[in-house]
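In: No letters, just coordinates:
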């Protein structure tokens, strides 16, 4: 039973879904450890095959034949799983006016080419007849291609017998790995069912937009919808998963296959748009991952606008009246793929999915005990209503806009709609996310000074963190009647000795982070709650790191505000910030830290904040709470600093007279930045090894591109890699009297120093002197190799731009500058 002071004691209970068993439990309940540690009843089903084969077969037959809820007959939503479903959808897609218009346009373009090349002669007496015949042949060919593409793409909800058997099989596999099942909020599920009933009557689709941390995300959503009697959504999936046997299974269970890149294939792009139109017009539920791919870092990624753009087009064009958006958070005690994520983030190329790896990986997963999966549903909202509200804010006369005609104005408005919608969904996901015990443990272990921590201290800090999560409006996994020690023990068991080690034979068992890189995945699950406090703390650190007495470490409000603004702009693509605006959010954060007795604020007679410093209480406590916030953000500051330092290496060596015109392969530049980081870490000039992770470095380079620090050109030819160069106004100078050595001065150098001012001070380094000598020399050496490779005649891409690329770049730079000016936002 919950304690009297438990804020969740009056909350709606959770539903624990473990196979075909649903159990009501207190919100986010964690079961107490039992002496015999027996598995849940359903877990015996697969094990009983050897001892009770007839009983096993009887249970399987209950699913396949459909008994009770297993029949999946009374489903809330449009009819699915009937013979002929795929053919019906396919015919609707290929006969849609949008697709037929595109086929006609492509035929026209082909006829124009054939006329220019002399295949069709206007002087022929039967020119009109020949042209019409040729058009028919071309359109027929394109139609055949479209039908084949459609058949390969669409989800095939054909057989109830199949989905019943698939549900049984997948449930057994999932509950073997996640032995405590899937948890959902009963309140959220009941609300979702009510929304689904209304959507069914109106023939509207529910568009599920979940977070994406694991391939298990696909499975958990389908299992929940099946078990609760909701129509399964069609799930957007990359065709990298469409390999033999597994691809067909997934397609019949809800997957629609799309290419990872569409290129300039207008037919395929139109086909995807038409299929999404068809699904939304028919009121079929739909699911796509707002982040695009799986998050390898544990926190939410920036929204990807590809599929969202198609959905928005469906409504803006009027082809679809409305759809319901339902943001979804999926959290795990432990993510199966984290070990693979680490190798990818360290630069090892991702291995292509195949059947052999799938089977071998699946068999090893069955022996794991990974805890549970928590799935939370935000309150669904009308996309049409959201669009109307946003258009009213963006333009004075929204009713005059015609989105079926592309103009610079409509394109700009659509882009703003996409951006605001994407970040609203991410914010909604964060709002309903549950912080798991493993995330609490990982966060505490990576935000403490020292090598390890005893159990009593670990629990003390976890208690503090739980209180802070609650105070920030977050939701912590509620522990029911289980003592905190049991919950922590269980979390440590799930993380395993490869992530968290323990040293016995001491005054008390001491726990330490074995694999800090992998453990950072779990720490990053909590960072969104404290990003404002972390940025403020890192900004104050610019004074704290200087040392001296309390008065010397105080920072003025104006200086603090400028640094917080700088860091917020630096991490714009990395984190989701509160939408209140900097001034309101900064004051709210400072007052909160003051109330927590971490900071002391000095005000004037009008109660205006003048300066900020650490409180006496926080100093007496060894800065443990202040340091907590710094530790959260320092690895990201370190990564941005590393990316900025690597830009110094993009300065052309003196021997390249026209060096400004040499373009570097983007991937090679990223790899070089990572190599620089690994070297600096092992030489003691980088505090965090996770700072070299590929995703954060790529995000930093993306921000540099957005701010015009670097220029990037992308070729229409997929075989030609993207290239970049440093913008002229950011180009550092070289000392002609000192072998052309890079000089630690200029705009880029000042930018690096600005980031470095919030870096964690190293024990064995002095930032300014170290960077201006050894680190700078190493960046220059690696950069010289990039220029050497770029000018190699055997390279895949030209070191120089052709006229078309140069013209396109000039237009893009001009448009980007105009966009930044119109946005009126803070810039680096």
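Out: Alright, I've got the coordinates. All of these numbers come straight from a predicted model, not from anything done at the bench. Residues are numbered from 1 along each chain as shown.
In: what does stretch 388-399 contact?
Out: 401, 413, 416-417, 420-421 (C-beta atoms under 8 Å, 6 or more residues apart in numbering). All C-beta atoms are positioned from the backbone trio N, CA, C, and that covers glycine.
In: What of stretch 277-287?
Out: Under the criterion C-beta under 8 Å, 6+ apart, residues 77-78, 80, 89, 92-93, 96, 98, 199-200, 202-210, 221, 225, 230-236, 254, 276, 311, 314, 319-320, 323 lie in contact with stretch 277-287.
In: I only care about the contacts of stretch 388-399 that end up buried; give me the PyMOL line for that.
Out: Remark: buried members of those, expressed as a PyMOL selection using 16 or more other C-beta atoms under 10 Å:
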select buried, resi 401+413+417+421
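In: show me what contacts the residue sitting nearest the centre point of the chain?
Out: In the chain, the centroid-proximal residue (C-alpha atoms, centre = their mean) is residue 301; its distance is 2.6 Å. Applying C-beta under 8 Å, 6+ apart to residue 301 gives the contacts 291-293, 295, 695.
In: now what about the helix or strand containing residue 311, what contacts it?
Out: In this structure, residue 311 sits in helix 306-316 according to DSSP states H and E. Residues outside helix 306-316 that contact it (C-beta under 8 Å, 6+ apart): 207, 236, 272-273, 276-277, 280, 286, 288, 290, 292, 320-323, 383-384, 387, 403, 414, 417-418, 421-422.
In: Let's test this: mean pLDDT of that helix, rounded?
Out: Mean per-residue pLDDT for helix 306-316: 94.
In: quick one: strands adjacent to the following helix or strand past that helix?
Out: Later in the chain than helix 306-316, the nearest helix or strand by DSSP H and E is strand 324-332. Partners of strand 324-332 in the sheet, by DSSP bridges, are strand 206-210 (parallel), strand 373-377 (antiparallel), strand 381-382 (antiparallel).
In: Roughly how far does the residue at the greatest distance from the centre of the chain sit from residue 605?
Out: Distance from the C-alpha centroid of the chain, by C-alpha atoms, centre = their mean, peaks at residue 125 (61.2 Å). Noted for residue 125: a distance of 97 Å to residue 605, by C-beta to C-beta, to the nearest Å.
In: And residue 215, by the same measure?
Out: The gap separating residue 215 from residue 605 is 60 Å, by C-beta to C-beta.
In: Comparing these two, which residue is more hemmed in?
Out: residue 215 (16 against 5; other C-beta atoms under 10 Å).
In: doesn't residue 294 make contact with that one?
Out: Yes - counting by C-beta atoms under 8 Å, residue 294 is a contact partner of residue 215 at 7.4 Å.
In: Please enumerate the shared neighbours of the two.
Out: By C-beta under 8 Å, 6+ apart, the residues touching both residue 215 and residue 294 are residue 337.
In: so what's the residue farthest from the centre of the chain scoring on pLDDT?
Out: Note for residue 125: predicted pLDDT of 74.
In: Check whether it sits in a helix, strand or coil.
Out: coil (DSSP: H, G, I helix; E, B strand; the rest coil).
In: Backbone dihedrals for it, both of them.
Out: Main-chain dihedrals, residue 125, degrees, to the nearest 10: phi -70, psi -30.
In: what separates it from residue 727, distance-wise?
Out: 60 Å.
In: Over to residue 503?
Out: To residue 727, residue 503 is 51 Å away according to C-beta to C-beta.
In: Have a look at those two and say which one is more surrounded.
Out: Neighbours were counted for residue 503 and for residue 727 using other C-beta under 10 Å; residue 727 has more, 20 against 12.
In: So what's the residue count around the residue lying closest to residue 156 once chain neighbours are set aside?
Out: The shortest distance from residue 156 to any residue other than its chain neighbours is 4.4 Å, reached at residue 86 (C-beta to C-beta, 6 or more residues apart in numbering). The number of residues packed around residue 86, counting by other C-beta under 10 Å, is 17.
In: going forward, begin numbering at 58 instead of 1
Out: Fine by me, first position is 58 from now on; the one you just mentioned is residue 143.
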